[in-house]
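[1] Curious how this folds, go ahead:
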Amino acid sequence: MDVTIYSVLALGFILGIKHAIEPDHVIAVSTIASQSKKLWNASLAGVFWGIGHTATLFIIGIILIFMKGEIPEKWSLSLEFFVGIMLVYLGVKTIKSFKNIHVHEGDDHKHVHAHKQHGDHEHNLQHKKPKYINSLLIGLVHGLAGSGAMVLLTMSTVKSIGEAAIYILIFGAGTVIGMLFFTTIIGIPFVISKNRKSISGSLGLATGVISTLFGIYYMYNLGFNEGLFSLWV
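    Prediction:
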């Protein structure tokens, strides 16, 4: 590879970092990172998102580049619309999760003990570790939704399938690094407030509300401003 391709790959890595911090990506993964009680749990949520995102981009991207095809606009926007649905689902789920957390202070602490004969499931909700498989699946969905744009970017940047494969992987490495950095930052307030249930609960509820509202806005924008609903008719 010559100097030019190295420059292209370096640019791909930077674009990957930038791509990772797009609002829909950060908001989606923040709903997972909000469950973190340890900082490395939040960091791993970002890593698994990046792995899932890269896997989909690589598989779909190489297939489309090899076949010299592209995803039709209707399907591309529909996949993006599904991202909006996912954001609403994650937001509502996060809101429910933090609403069910018991507060271990004063009389509320006695309330927790009164439920012990029914098992520790509710009692342990606040100790729940983030489910990395969820982060992986979120990354897969985001990668699928963004594969069309990735193919166009790659085809305009490199000259062969081999270079395309390397470019997508380097781009993916950038998304992993970018999301690792930002989920770590997102996880800090949740880790700091883990022993202050009122604060952590408020932060968690805020995360869920933001995800829900942004998901609704995201779908509205795609449906009306981007013309998806007219393509469906």
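
[2] Strands of the protein, residue ranges please.
    Here the chain has no strands by DSSP state E.

[3] all helices in it, in order from the N-terminus.
    Counting by DSSP state H, the chain has helices at residues 3-20, 23-33, 39-67, 73-99, 106-114, 132-155, 161-192, 197-220, 228-232.

[4] With mean pLDDT and mean neighbour count added, can I get those in a markdown table?
    (C-beta placed from N, C-alpha, C; glycine too.) A markdown table is the format used below for the helices of the chain (pLDDT from 0 to 100; neighbours: other Cβ atoms under 10 Å):
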| stretch | mean pLDDT | mean neighbour count |
| --- | --- | --- |
| helix 3-20 | 89 | 17 |
| helix 23-33 | 94 | 24 |
| helix 39-67 | 93 | 21 |
| helix 73-99 | 94 | 18 |
| helix 106-114 | 46 | 10 |
| helix 132-155 | 91 | 21 |
| helix 161-192 | 94 | 20 |
| helix 197-220 | 94 | 18 |
| helix 228-232 | 92 | 14 |
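
[5] so who does the residue nearest to Thr184 when sequence neighbours are not counted touch?
    Of all residues not flanking Thr184 in the chain, Ser43 sits nearest, at 4.6 Å (Cβ to Cβ, 6 or more residues apart in numbering). Residues in contact with Ser43, defined by Cβ atoms under 8 Å, 6 or more residues apart in numbering, are Leu180, Thr183, Thr184, Gly187.

[6] wait, His142 sits on Thr54?
    No - the criterion here is Cβ atoms under 8 Å, and His142 misses it with Thr54 at 10.4 Å.

[7] ok so, going back, specify which member of the contacts of Ser43 is nearest to Asn221.
    For the contacts of Ser43, the minimum distance to Asn221 (Cβ to Cβ) is 24.8 Å, reached by Thr183.

[8] What distance do you get for that closest one to Val92?
    21 Å (Cβ to Cβ, to the nearest Å).

[9] ok, now how distant is Ile186 from Glu73?
    From Ile186 to Glu73 the distance is 33 Å (Cβ to Cβ).

[10] Okay then, goodbye and thanks.
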